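> give the three-dimensional model of this entry:
(chains A, B and C)
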Amino acid sequence: MSVSTFPGTGRGVIPTVADPVLEIRNLSVEYGYDENPTKVLRDVSLTLNRGEVLGLAGESGCGKSTLAYAATRLLPPPGLITGGEVVFRGRDGVEQDILTLSDKDLRASRWQDMAIVFQGAMNSLNPVHRIGRQIVDALQAHVPGISRRDADDRAAHLLELVGISADRVRSYPHQLSGGMRQRVMIAMALALEPQVLIMDEPTTALDVVMQRQIVEQIAELRDRLGFSVIFITHDVSLLIEIADRIAIMYAGEIVEEAHAHDVYRRPRHPYSDGLLHSFPPLRGPRRELTGIPGSPPDLARLPVGCPFRDRCAFAFDACATVSPRLTAPAVPGDTPGRSVACLRHDPAAVTAAGFTPQPVPDRLSL
Amino acid sequence: MAIDSTILEDVPQDVAPALAAAAPGKRKLLFLRNAKALTGLGIMAFFGVIAIIGPWIAPYDPNAISADLLQPPSWSHWMGTTHTGQDIFSQILVGTRGVLVVGLTAGIIATVIGMIVGVTAGFVGGAGDETLSALSNIFLVIPQLPLIIIIAGQLPSAGGITVAVIIAITGWAWGARVLRAQTLSLRKRDFVEAARANGERSWRIIGAEIMPNLTAIIAAGFVGTVTFAVLSQITLAFLGVTSVSDWNWGTILFWAQNNLALQRGAWWWFVPAGLCIALLGMALTLINFGIDEFVNPRLRSTGLRARDLRRRGIRPRIGFTPVVRETSPRAAQEDQA
Amino acid sequence: MRFLLRRTIFYALTAWAAVTINFIIPRLMPGDPVKAIMAKYQGRLDSSAEQAIRTLLGLQEDKSIWQQYVEYWSLLLHGNLGVSFQFFPTPVADIIRQALPWTVGLVGLATIVSFTIGTLVGTGIGWRRGTWADQLLPLSTFFSAVPYFWLGLICIAVFSVGLGWFPTNGSYDRSLIPSLNAEFIGSVLYYGILPAVTIVVSSIAGWILGMRNMMVTVSSEDYVTVAQAKGLSERRVLFGYAARNAILPQVSSFALSLGFIVGGTLVMEMVFSYQGIGYVLYQAVTTHDYPLMQGCFLVITLSVLAANILADFVYAGLDPRTRQEG
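Purely as a prediction, here's the structure:
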């Protein structure tokens, strides 16, 4: 079920050859150590290519943050990874599965290979240490023998990189505004020049102007430093601005994955379609805002069949029994490499279960 | 004290209303399913029964002098006798009532004072809040026990209820502080703001919107104060500051200490009373743990399932999510497929 | 510095409240204790002593309550806490001056040791949840439920009477003359071990539980996860991030519960007949020596306030947010 990659177009430094830096394969995560854990991620596979910005979108509670935390093994108790692989491929081509690393190797790999900017920078910074020291901490943990002065210089330089004056290294987090703290977090994440940067709703708590600035800054830094980004947000219109590829998650599974422009112009999954009509686009023509009726299902009591069917305008009888899998959309002439998990696009599975396949609605086959 | 302070610092902003939203019946059941709380309540019930029937089931008059001087425990005197031949078991049974009456009375009075001061301070805000907070902090910082001792020591005679009142007057501040903090955070929540916008009267908002959300914290404060009151009262009795002729567990220890029970090796004279205090104190602490864990789910110990977790190879840690592949055969099959 | 200014005002207020409580209490008590005292200590108290006692206890019929209050303050500010009945004519201030160092030494040191060890143990238990360390919790629950003095009695029964390892009471060998030589200091240490250990054992549970709960709460903060994400060493995450923040509420709870702890540990002095303030207070209560009682209460309260101020300085040093200007 591995997700195939496709040649990028247009933007920045996207390589023309698929060169995966991070491959998540069949990742499953449960929440709760008791007999009835909640299955918050079910067989999620996702590939991030070198130099690319991959957007991960969905409503809150769909598992997009859980995916980021699980892939880095930072999920707090009672989170439990029950299966899958998270393969990181270094610049030298050596592959390692994050999930099988020893504590020591995992510590060494962290921040060096993959760094994270967490949701809500308010609480991501230690309130009792100067921000300079918090950056220096990361440097000293990974660069053996780095002198304090070099580390300080580097911290000051990193702050300047994100547009904060260097003398702010001596500030405490409470002396900074929300936007500045978020920039500090980005500076800190870049301290060791990681190859993968995971950004978990980095702009949620900020106002629109600040959101814009941060997103532009990330795009600019990516072009300059060449790292790959997994950008997590519930705001799809923001993703269109920055992402090369977008994966849409629903109820702990990926339901659609495609090039950003394809998702935006030609969504194939009814959920993606609904999500796109829930946010005003940042630029371009206005579109009608409709939202999605209902609310996400309770993951602890997930029904069989398609988890989205209760909220779906195109659900039919098979949706109640057959679980959709990611397949190529049943739209002739569609961009190769995109995938969708919807029974309207998978007549074979519907027929195999003894139901009558239904055609893809016009709305989902533009 | 530690118990109270954790409530003070830990109550997550969003937990209390979430609990309040659940059906009241379900909440009660949740609390009663907590093993710690159940054990504590069980022990309390036991002492409660003793406090009521103690004087009737006591085999001897606790004051009666007999010829069995300083006898170790035997069939006729389960907990031995004092140097004048008084039955210690009877003294414990009779003394239970005094301990519980003073503890509960002081707890109720102190909780009421704490509620009035704390909720008012949190609700009115501004200068009123500053004043009331300063007042409770002053009472918190002044060492309570010495204060109780000098008040009780200057009274011509300090009986049970007087002692309870003194303890309550000096010991209400913890509850007030905790309640103020919680009221303050409740006051800013939407449902209270909505009630205000609707023009509801203050006392109605406090009664209908705020109080129900404070129940767990009031209960914890009450239990904490009862613990404090029991310990204080027993300490006062042990020091002979209060009337030494009213039987409670502290009085037993007072006579034991003054008649050199330690030096005579008469362990049966001071061990049972101390164990009773410890048992009662533990019961109260356990109830408070139950309330704590009920209010703050983060504190729930994983210890109950520790053995099970070890068996499955799970070590819950921050920053290192355990990876256990056996538990999900589906994923394993898929890996092969 | 707004934090420290606020705290200073608060402590001034508390000190004023303590003095005023001391002033009011005897005036609320029924009867005329001075007459009874004069009768009891017949001949040993002269009329000037009676006058001083009346000022202290507020039984000057000819003066208004305000005049009495002003006079009371002027006596206190001259360091005059009155004269002890029991040890007439020794001034209360002298008795307290002799007792205070013993209390500061015993209760002060034992409390600091207890706080330090308890906080460290609590850090460990809170950090390694779901391991054997959790089993220390029920044990500390038991110790937090037992009154201090009873544990003192048990320790005396076991270690002094039973095993004969330590003396049952006192603070040094009475056959020695107090001086700064090795023998005397050794004797003080020897006599102090059992009471000190008892205080530590009985008060440590509260710190362990408090710190454990703080650790559990702080461990789920984002910045601890960030610290782990940065790949810092376990030590650095624990002491630089988790425990470093968990200690803040622990220190403020130290300040707030100091009054409670000191109250309990003073009783320990009574059990061990250790010649500190607690024991003096005990003697004063049993002999109805009102001036001495009140002097003890005042000094205990002021000492606790002083310790609180120290704790506040430590807190201000630990938390940069309190040092914010404006």
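
> and the residue of the stretch 251-366 of chain A closest to chain C?
In the stretch 251-366 of chain A, the residue that lies nearest chain C is A:Leu299 (20.5 Å; Cβ to the nearest Cβ). The way it works is simple: take the backbone N, C-alpha and C, and place the C-beta from them, glycine included.

> next, A:Val117: phi, psi?
phi -110, psi 120 (degrees, to the nearest 10).

> I should have written A:Gly333 there, sorry.
phi 80, psi 10.

> in a helix, B:Ile277, correct?
Yes: the assignment for B:Ile277 is a helix, going by DSSP: H, G, I helix; E, B strand; the rest coil.

> near chain B, which residues of the stretch 1-150 of chain A?
A:1, A:26, A:28, A:30, A:33-34, A:43, A:69-70, A:73-84, A:99-100, A:103, A:106 (Cβ under 8 Å from any Cβ of the partner chain).

> take those residues and keep only those in strands.
If you go by DSSP state E, those have A:26, A:28, A:30, A:43, A:79-84 in strands.

> excluding chain neighbours, give the residue nearest to C:Val314 in space.
Leaving aside its chain neighbours, C:Val314 sits nearest to C:Val251 (5.9 Å; criterion: Cβ to Cβ, 6 or more residues apart in numbering or on different chains).

> contacts only, for that neighbour.
By Cβ atoms under 8 Å, 6 or more residues apart in numbering or on different chains, the contact list for C:Val251 reads C:311, C:314-315, C:318.

> residues of the host helix or strand of C:Ile117 that come out buried?
Element membership of C:Ile117, judged by DSSP states H and E, is helix C:109-127. Going by neighbour count (16 or more other Cβ atoms under 10 Å in any protein chain shown), the buried part of helix C:109-127 is C:110-111, C:113-115, C:118-119, C:121-127.

> again, but for stretch B:246-261
B:246-257, B:259, B:261.

> just stretch A:26-35 next, same as before
Buried residues in stretch A:26-35, counted by 16+ other Cβ under 10 Å: A:26-31, A:33.

> which one of the buried residues of helix C:109-127 is nearest C:Thr198?
C:Ala110 (8.4 Å; Cβ to Cβ).

> for the residue nearest to that closest one when sequence neighbours are not counted, give its distance to A:Met199.
Distances taken as Cβ to Cβ, 6+ apart place C:Ile199 nearest to C:Ala110, at 3.9 Å, with adjacent residues excluded. Applying Cβ to Cβ, to the nearest Å, the value for C:Ile199 to A:Met199 is 53 Å.

> where does the chain dip in pLDDT?
Chain wasn't specified; assuming chain A. Low-confidence segments of chain A (pLDDT under 70): A:1-17, A:120-121, A:205, A:279-290.

> actually, chain B is the one I wanted.
B:1-33, B:157-158, B:296-307, B:326-337.

> residues from the stretch 101-250 of chain C in reach of chain A?
By Cβ under 8 Å from any Cβ, the residues of the stretch 101-250 of chain C that approach chain A are C:129, C:220-223, C:225-233, C:236, C:240-241, C:244-245, C:248.

> just those that are near chain B?
Taking Cβ under 8 Å from any Cβ as the test, chain B is in contact with C:129, C:220, C:225, C:227-229 out of those.

> derive a ChimeraX selection command for the buried subset of these.
Buried residues within these, by 16+ other Cβ under 10 Å, are selected in ChimeraX with:
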select /C:129,225,227,228,229
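
> can you map out the strands along chain C?
Under DSSP E, chain C gives no strands.

> kindly report the same for the stretch 151-300 of chain B.
Read by DSSP state E, counting those that start in this stretch, the stretch 151-300 of chain B holds no strands at all.

> can you map out the helices along it?
Using DSSP state H, counting those that start in this stretch, the helices of the stretch 151-300 of chain B run over B:160-171, B:173-187, B:190-197, B:202-204, B:211-239, B:249-258, B:267-295.

> also near chain C: which of the residues of the stretch 1-150 of chain A next to chain B, exactly?
Among the residues of the stretch 1-150 of chain A next to chain B, chain C is touched by A:74, A:76-77, A:106 when using Cβ under 8 Å from any Cβ.
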